[in-house]
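A.B. asks: curious how this folds, go ahead:
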Amino acid sequence: MAKQKIKYLYLLFLLLILHIVVAAQQTVVTGVVTDLNSGAPIPFATIVFKGGRGTVTDSTGKYKLAGTNQINSIKISYVGYKTVTKNIQVGKSQVIDIIMEVDPLLSNNVTVSTNKRAPYKNKNNPAVDLIKRVIANKPLNRPDSYDYIQYDEYDKVELSLSKIPEKITNSKLLKKYQFLLDNKDTQKVVGKTLIPIYLEERLSNHYFRKSPEKTKDIVLAQKRVNFGDYVDNDGVSTYLNRLVMDINIYENNIPLFTHEFLSPIADVAPTFYMYYIRDTITDANGQKLVKLYFTPRNTNDLLFRGTMYITLDGNYGVQKMTMFISKNANVNFVRELNIDLDFEQGTDSRYHLIKSTAFTEAALTKNSKGGVFGGRTVSYKNYTINKALPDSVYAGPSLVVKADAATYTESFWNTNRHDTLTKAEAKVYSNIDSLEKMPSFRRTMAVVTLLVAGYTAIGPVDMGPAATFYSFNPVEGFRLRLGGRTTPKLSKRIYFEGYGAYGFKDERWKYYGGVTYSLNNQSIYAFPMHFVRASYQKETKIPGQDLEFVSEDNILLSLKRGLNDKWTYNKYFRLDYVHELPSRLSYTIGFRNWKHEAAGGIVYQTVKNGQTVVVPEINTSEITGQIRWAPHEQFFQGKVYRIAMVNKYPILTLNYTAGLKGVMGSNYNYQKISFTFDKRFYLSQLGFTDINFEAGQMFGKIPYPLLSIPRANQTYAYQLNSYNLMNFQEFVSDRYASLFVEHYFNGLIFNRIPLFKKLKLREQLAARVIYGSLRDENDPVKNPDLIAFQNYNGVVSSFSLNQGPYFEGSVGIGNIFKFLRVDLVKRFTYTNNPYITRLGIRTRFRFDF
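C.D. replies: Numbering: from 1, shown residues only. A predicted model of the protein is given here:
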């Protein structure tokens, strides 16, 4: 009897093992759902195990359905199409592509309706009630809700040419580059043929600690294509990653293409979005989900439309989201943008992001035959929740790149990357490497660099900048200039730079010579800079003109309004030490001897013993110091300058200058101190505001050319950091405080005006004010022994700000033809000063998304 019981128990045990083995054989079905006639992918189609659980296709028509049931068929359905049923193999992984046909019974139905859309209301709307629960639970579902979180991350950024006409690909002129054009990728996106030209991959570990808050990323391996010396590869990488940053749906705003898009689950999202419940489904894990469709109330705003799946487990988390932007959205050059976010339930029952995919296609115009296709895919694995780590893990900078990160072989990447490259993607590395070595490509890039950056390479020397070769002004007349600088090809330690210029009216030579020694054995033009420099310069200058990124002898700025004869001849000898730290804190220490004499309409003169005496030259020696902190600052590197990419963090700058009387013939003792605060405030759908605040104080008895002269602008270009209706050297102060405020509405108003919204215009509003004063000891009217204020034909043209603040404001329309901005600028104070303009139109050119 006992043996018989054992026999039955053994049989039951075998049956249990057999059941477990069968159940463990997971059925996985993947594929693409497309339209029969057009071949286009069908997003949001529903795929289910017949009579069981299901999923939906993403924005590119792809799907993945997995389960351990014994169902041998799947059903595919979508509104307006015939339902399709396909047999599958149980317990196996398989690829089944689905072609759907329009259902004529549905498509030929005649619907009689009015042109009026049923009014949409938030009140008593179950879809809005649901999204409010999602919003209320964001603090619990967002990644930073944990005390500690860590995971592995794989990041892939790619760039491809799309829709290239055959006339171009078959052109004899491009015969040498046929190997590049033949590398076509038809697997990446259904219905698109792509030619990959850029690929970047990165594997990293991410660590987060809530208190004290610290985020740290350790890059274990990275790889990217290399275009050689003609392209700033680091700058390209930074810029592409900036265009499509990490997408966190639980943040109120999502940064894309230099804009801020409002998340469909932002705190204020119900004000700007409409929501509709489409269905209730059960996923592969038995979780009930609500399929929620969302769309903008105004399709021109920076909003998304798409579908999200919300869990009904009490957490109201997002399980999946697919979204795209409207074709009417006020974004330049972008023809389409698709974003897919996939979440997976963790051991803590919360849903964690496991994959983020963003694909976009851009072109100069909507009707352009060709375009550029870009994408970023981020995969997350091995989440570890609330595991405390030693403080040493979080110590140091937030981003650490391992020294050997770029040395790993392809076999390492094949094993460790989270995603599999397509055949065309895998080939792009070798293709670009071959392209970079071609002499014809290098010649082409040399011409492009000259046109765009203004420099052309001659061996280890860059000649330029081209925009300064020719210019003119009232003092020098016709002016020619030729210059250049050495590159790291000559030496990574020592750099030489110089130019020579000649004015045919004043018949004087101007020149510059400088030598720089790099203390970190890297380029002195790239972050982090660490160098010492000695230089000597003999040059003209306009007091009160401060131009960013461009030289004053740039031909594009030769045309100026009003009296433009206030110039000086200057001789500078400088010694500078510059050190930038990885924390974005930098400091500069320098010495300068500055000799300058009046030129043009300026005359330096004083009164001594009742006699007018001309001052031939002002000589001053100074020590200078600067401390600057710019958290999380990133740059796009140019040949002669670098452009800081504006972020949400403030930039603080403190400057100190001390005049040293008697050093190298210096005539004055004084001190100057100034502080600057810069910040961009993002205001979601209201746009963003740039604020610049500056304050300064001078101590000692100082002639007015050494005092604070506000940045004036007498060109016809709109300058962001200057007073656009102030004349050169019009105001002088020894203490001041200024505030620049510029708000960008991003089409908030025009998007709601029927005729204007199609033009995608954008509004700007700006105000500039400066308060200042001049102490009696520095006022030449009360101290005739000081250099007198300037006058023209006996009329004084320089003033103090003792009578009140200077104030100007402007309203502008931007994005005209996608690159032009026009502002109407009005001056509100000191309107009785001579030779001024009270009202003016200024323009600015800028390409932006």
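A.B. asks: for this protein, which spans come out with low pLDDT?
C.D. replies: Along the chain, segments meeting pLDDT under 70 span 1-25, 51-52, 79-80, 104-118, 544-564, 637-641.
A.B. asks: where do the helices sit along it?
C.D. replies: Ranges of helices in the chain, per DSSP state H, are 2-24, 104-107, 126-136, 138-141, 166-169, 178-181, 233-243, 269-272, 391-394, 410-416, 423-436, 439-452, 754-757.
A.B. asks: residues contacting the closest residue to residue 326 other than its chain neighbours?
C.D. replies: Closest residue to residue 326 apart from its sequence neighbours, by C-beta to C-beta, 6 or more residues apart in numbering: residue 299 at 4.1 Å. Any C-beta I mention is one placed from the backbone N, CA and C, and that applies to glycine too. Residues near residue 299 by C-beta atoms under 8 Å, 6 or more residues apart in numbering: 326-329.
A.B. asks: how far away is the nearest residue to residue 586 once chain neighbours are set aside from residue 627?
C.D. replies: The shortest distance from residue 586 to any non-neighbouring residue, by C-beta to C-beta, 6+ apart, is to residue 580 (4.2 Å). For residue 580, the distance to residue 627 equals 12 Å [C-beta to C-beta, to the nearest Å].
A.B. asks: go on, residue 279?
C.D. replies: 59 Å.
A.B. asks: residue 711 is in contact with residue 724, isn't it?
C.D. replies: No. Assessed by C-beta atoms under 8 Å, residue 711 is found out of contact with residue 724, at 10.0 Å.
A.B. asks: residues in contact with the closest residue to residue 230 other than its chain neighbours?
C.D. replies: The shortest distance from residue 230 to any non-neighbouring residue, by C-beta to C-beta, 6+ apart, is to residue 445 (3.8 Å). Shown in contact with residue 445 (C-beta under 8 Å, 6+ apart): 227-228, 230-231.
A.B. asks: which parts of the stretch 551-700 of the chain are strands?
C.D. replies: 566-580, 585-600, 605-608, 611-614, 618-629, 634-637, 642-645, 651-659, 670-682, 688-699 (DSSP state E, counting those that start in this stretch).
A.B. asks: so the longest one versus strand 618-629, what angle?
C.D. replies: Compare the direction of strand 585-600 with that of strand 618-629 by axes from the mean of the first three to the mean of the last three C-alpha atoms, to 10 degrees and you get 150 degrees.
A.B. asks: ok, what's across the strand from the residue nearest to residue 570 when sequence neighbours are not counted?
C.D. replies: In space, and not counting its chain neighbours, residue 570 is closest to residue 596: 4.3 Å by C-beta to C-beta, 6+ apart. Assessed by DSSP bridges, residue 596 has beta-bridge partners residue 570, residue 618.
A.B. asks: ok, residue 596 to residue 604 distance?
C.D. replies: From residue 596 over to residue 604 (counting by C-beta to C-beta), the distance is 9 Å.
A.B. asks: joint contacts of the two?
C.D. replies: With C-beta under 8 Å, 6+ apart as the test, residue 596 and residue 604 both reach 618, 705.
A.B. asks: tell me which of the two has more neighbours.
C.D. replies: Taking neighbours as other C-beta atoms under 10 Å, residue 596 and residue 604 compare with residue 596 leading, 23 against 20.
A.B. asks: what's the distance between the more buried one and residue 538?
C.D. replies: With C-beta to C-beta as the criterion, residue 596 and residue 538 are 10 Å apart.
A.B. asks: next one: residue 310
C.D. replies: Using C-beta to C-beta, residue 310 is found at 70 Å from residue 538.
A.B. asks: which one's more surrounded, residue 711 and residue 724?
C.D. replies: Taking other C-beta under 10 Å, residue 711 and residue 724 do not tie; residue 724 has more neighbours (23 against 20).
A.B. asks: that one is in contact with residue 842, isn't it?
C.D. replies: Yes. The pair residue 724 / residue 842 is scored as a contact, 5.4 Å apart, by C-beta under 8 Å.
A.B. asks: now for the two: what residues contact both?
C.D. replies: With C-beta under 8 Å, 6+ apart, residue 724 and residue 842 have common neighbours 718, 810, 823, 825.
A.B. asks: OK, contacts around the last one?
C.D. replies: Residues touching residue 825, when contacts are defined by C-beta under 8 Å, 6+ apart, comprise 718, 724-725, 808-810, 839-842.
A.B. asks: next one: the first one
C.D. replies: Under the criterion of C-beta under 8 Å, 6+ apart, the neighbours of residue 718 are 724, 810, 812, 821, 823, 825, 842-844.
A.B. asks: make it 6 Å
C.D. replies: 823, 842, 844 (C-beta atoms under 6 Å, 6 or more residues apart in numbering).
A.B. asks: re the thing from before, in terms of neighbours, single out the busier of residue 310 and residue 538.
C.D. replies: Taking other C-beta under 10 Å, residue 310 and residue 538 do not tie; residue 310 has more neighbours (24 against 17).
A.B. asks: now the nearest residue to that one once chain neighbours are set aside: how far from residue 341?
C.D. replies: In space, and not counting its chain neighbours, residue 310 is closest to residue 290: 4.7 Å by C-beta to C-beta, 6+ apart. When distance is defined by C-beta to C-beta, residue 290 is 16 Å away from residue 341.
A.B. asks: picking that back up, now the residue nearest to residue 230: how far from residue 196?
C.D. replies: 19 Å.
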